[in-house]
Each structure stands twice: as structure tokens, then as C-alpha cells.
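Engineer: based on what follows, work out the 3D shape:
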Amino acid sequence: MLKNVYYPYGIPFYKDVDMITVYFQNNDQTEFNIYFLKDGKKGNLASIIFPKEKKKYQFPKNSKVIIETSKGKHHCYIHLQADWKYIYP
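Structural biologist: This next block holds a predicted model:
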């Protein structure tokens, strides 16, 4: 496990699951939350990205997530793609 690579909450890095690398960058002054999309609805919290933060993640392949602002509004729904950088806003 590399110290500069993050994993979503509740996803053990040591399990035998196909993972993809994705990047998140928050250019806003407030944090945003990443939730898993499960059955078309908001699932478990995957991560929090704080203001002005850039993080490299390993997510399970074929993950779908919701980006939610600190005001509780769903900003977007994303089917994560390997090696993509997701920048907010």
C-alpha cells in the first residue's frame, strides 16, 4: 500500500477486487463528499475532499458515485473511469 494513495471508506485495500486509479481535486472553499451510488440512490460515504485538496484514489472498477456539496445538494453523478481527474468546480 502506498502512502499517497487513498481508498474509499469501507473498501479494504487488501481484498482481491479490481481497482482503478482516479484523481479528485477540490478548487472550492468548502469540502465536498463522495458517496457510492447504490440502486440509483445515495449509498455509503466513500470520502470527503477538503478545500484546495488533491487526492489520488483507488476505487473498485465500475464504481458509480455522487458528488455532494457541503450544502447537501447533489452536484453530479459519475461513473468513474480509470486515470481520469475529476475537478470541482
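Engineer: worst-scoring helix or strand of the protein, pLDDT-wise?
Structural biologist: The helix or strand of the chain with the poorest confidence is strand 74-79; it has a mean of 88 (mean pLDDT, DSSP states H and E).
Engineer: right, and the helix or strand after that strand?
Structural biologist: Next helix or strand after strand 74-79 toward the C-terminus (DSSP states H and E): strand 85-88.
Engineer: got the contact list for the residue nearest the centre of the chain?
Structural biologist: Per C-alpha atoms, centre = their mean, the C-alpha nearest to the average position across the chain is that of residue 34, at 4.8 Å. Neighbour list for residue 34: 8, 24, 45-49, 65-68 [criterion: C-beta atoms under 8 Å, 6 or more residues apart in numbering]. C-betas here are computed from N, CA, C, even on glycine.
Engineer: and if we set it to 10 Å?
Structural biologist: Neighbouring residues of residue 34 by C-beta atoms under 10 Å, 6 or more residues apart in numbering: 8-9, 22, 24, 45-49, 57, 59, 63, 65-68, 78, 80, 86, 88.
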